[in-house]
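Asks: Whatever this is, show me its structure:
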Amino acid sequence: MKAAIIILSDPKNGGEDALGRMFNGLAAAYDFKQRGTAVSIYFQGAGTRWPGVISQAEHPVHALFKAVEGEIAGVSCGCADVFGSREDAVKSGFDLITDNSVPGTSGLPSLGKLVADGFTVFTF
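Replies: Numbering: from 1, shown residues only. A predicted model of the protein is given here:
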């Protein structure tokens, strides 16, 4: 089995629910990693705002973030453009993913490719 974790929650507008969804997404990634299951984490939609937030050492999820940081595939380029998080994603050292050339965007991760490659997709 291979797992793809997609973080969609918005740190600006979701309050505790958004924090809980992001935390549980990273916790699931940690669980898969600990079990030796291949896992890749993607920040997509308004979730592209999270890398700039949780990469700060004082954030309560920072330790978990550091524990799974090596499993982060990247940030949706097109979503980062729309939600104004491209600069933070790049500054935080994440790849901008452009596998899916959606018209009118700079590209998004391809869920079709992930499924074709045998990943089970989980959204948070």
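
Asks: Now for residue 61, how many residues are close by?
Replies: 16 (other Cβ atoms under 10 Å). C-beta coordinates here come from the backbone N, C-alpha and C atoms, glycine included.

Asks: swap in residue 5?
Replies: As a measure of burial, residue 5 has 27 neighbours, counting by other Cβ under 10 Å.

Asks: just residue 75 next, same as before
Replies: Residue 75, neighbours per other Cβ under 10 Å, totals 29.

Asks: Which strand residues bridge it?
Replies: For residue 75, the beta-bridge partners are residue 43, residue 96 (DSSP bridges).

Asks: That one and residue 118, how far apart?
Replies: To residue 118, residue 75 is 23 Å away according to Cβ to Cβ, to the nearest Å.

Asks: Contacts only, for the residue nearest the centre of the chain.
Replies: When Cα atoms, centre = their mean is applied to the chain, the residue found nearest the centroid is residue 43 (2.4 Å). By Cβ atoms under 8 Å, 6 or more residues apart in numbering, the residues touching residue 43 are 7, 50, 51, 72, 74, 75, 76, 79, 89, 94.
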